[in-house]
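Novice: generate coordinates for the sequence data below:
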Amino acid sequence: MAVIAISRQVAALGDEIAAAAARKLGYKFIDRKQIEEKIVQLGFPKEKLSKYDEKKPGFFASLVKDRDEYLNYLQCAVLEAASEGNCILIGRGAFIILENLPNLLSFRFIAKDSVRMERLKTEFSWNDKQAQARITESDSNRRGFHKSFFNLEHEDPQHFILTMNTGILTVPEAAGIIENLVKTCITSEKEAEGKKMVANLLKCQRLVNQLLFEYKVGINFLHAVSDSSGSFITLQGVADSQAAVDRTVQLAAKILPSCSIKSAITVVQDFKNYQ
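Specialist: Residues are numbered from 1 along each chain as shown. Below is the predicted model of the structure:
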């Protein structure tokens, strides 16, 4: 069970390489449309997707609860896909959501602006100005998305096992490199550990989503952290009363009766739920 996360610049052939690598490995390629469909299926309103999906939220959108709601559904969608294993996910911050999995391989695909411009001009019959405008807009949106949701500089190479220049490498060459690294780097031990870890992460995220969206608990920035066994879960966040904390812990224990639930939620008496 290996999981591959792809990050790419526009017109850097990331989708084409991901699809080619999936065919070579016999993996499932989970593209943007499938992630979007899963987010909506989990409960996020379809009409709100365009505000947040792989772009920096506008000023007001970044202040409302919809933003954190989107992130919780996004994380659940990515974790559900990863839990099935043998998959390739592209975009949506999958490389950072899954970063600690021992069976994860993250790749980033780039190319010179001049190369990307020629590809866009050929594909859409655009002129230089139109192609450059698309590159500038896309690069800005992706940087903004990762900064806003993950406080992350998207271009930082430390988050990837390898960054590939598709102005030099062809699609088959890049896909072959991915195939070789999967076979070289992912051991049965890493697969077993990764499967267990993603199961715990998914359990915690589903718990958070159920508490927030089904039970409407009054906890802001709610997050759940599991120990390695998955038996002990700590809830984190901010509440304006101890009563809200106690209710949340009780509900969590009801949802996961086999787990020991602990609270690390901070109570701030004059804290008001943000809208």
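Novice: please spell out which residues along stretch 158-167 are buried.
Specialist: For stretch 158-167, a neighbour-count test (16 or more other CB atoms under 10 Å) marks 159-161, 164, 166-167 as buried. Every C-beta, even on glycine, is put in place using the N, C-alpha and C of the backbone.
Novice: what lies in contact with it?
Specialist: Here stretch 158-167 makes contact (CB atoms under 8 Å, 6 or more residues apart in numbering) with 7, 12-13, 17, 95-96, 99, 105-112, 115, 152, 157, 174, 177, 181, 185.
Novice: can you give me the helices for this structure?
Specialist: 14-25, 32-42, 49-52, 65-83, 94-97, 113-124, 128-150, 171-185, 188-209, 242-255 (DSSP state H).
Novice: of all those helices, which lies closest to residue 234?
Specialist: helix 188-209 (9.3 Å; CB to CB).
Novice: tell me the angle of the closest one relative to helix 242-255?
Specialist: 130 degrees (axes from the mean of the first three to the mean of the last three CA atoms, to 10 degrees).
Novice: for helix 188-209, packing partners?
Specialist: Other helices and strands packing on helix 188-209, by 3 or more CB pairs under 8 Å, 6 or more residues apart in numbering; DSSP states H and E, are helix 65-83, strand 220-226, strand 232-239.
Novice: now with 7 Å?
Specialist: helix 65-83, strand 220-226 (3 or more CB pairs under 7 Å, 6 or more residues apart in numbering; DSSP states H and E).
Novice: give me the below-cutoff pLDDT ranges for this protein.
Specialist: 53-64, 154, 270-275 (pLDDT under 70).
Novice: the domain parsing of it - what is it?
Specialist: Following automatic domain parsing, one gets these domains for the chain: 3-190, 215-267.
Novice: how about those in TSV, adding distance to residue 197?
Specialist: Listed next are those as TSV, based on distance: least, CB to CB, whole Å:
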stretch	distance to residue 197
domain 3-190	6
domain 215-267	8
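Novice: about what we covered before: okay, the helices and strands packed on helix 188-209, which one's buried deepest?
Specialist: Sort the helices and strands packed on helix 188-209 by mean neighbour count, taking mean count of other CB atoms under 10 Å, and helix 65-83 sits at the top with a mean of 21.
Novice: name the residue closest to the centre of the protein, please.
Specialist: Nearest to the mean C-alpha position of the chain, by CA atoms, centre = their mean, lies residue 94 at 3.3 Å.
Novice: might one say that that residue is in contact with residue 78?
Specialist: Yes - Residue 94 is in contact with residue 78 according to CB atoms under 7 Å; the separation is 5.0 Å.
Novice: show me the contacts for residue 212.
Specialist: Taking CB atoms under 7 Å, 6 or more residues apart in numbering as the criterion, residue 212 is in contact with 72, 222.
Novice: scratch that, residue 248 is what I was asking about
Specialist: Going by CB under 7 Å, 6+ apart, residue 248 touches 211, 217, 219, 235.
Novice: next, count neighbours for the second one.
Specialist: Number of residues near residue 217 (other CB atoms under 10 Å) recorded here: 23.
Novice: next one: it from residue 87, what distance?
Specialist: 32 Å (CB to CB, to the nearest Å).
Novice: next: the first one.
Specialist: Residue 211 sits 27 Å away from residue 87, going by CB to CB.
Novice: repeat that for the last one.
Specialist: Residue 235 sits at a distance of 29 Å from residue 87 (criterion: CB to CB).
Novice: which of those two has more neighbours?
Specialist: When residue 235 and residue 87 are compared for neighbours, residue 235 comes out ahead with 24 against 20, by other CB under 10 Å.
Novice: and the more buried one, what does it touch?
Specialist: 222, 224, 248-249, 252, 261, 263-265 are the contacts of residue 235 under CB under 7 Å, 6+ apart.
Novice: now the residues you listed as CSV including distance to residue 24?
Specialist: Below are the contacts of residue 235 laid out as CSV (distance: CB to CB, whole Å):
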residue, distance to residue 24
222, 40
224, 37
248, 46
249, 47
252, 42
261, 44
263, 47
264, 44
265, 46
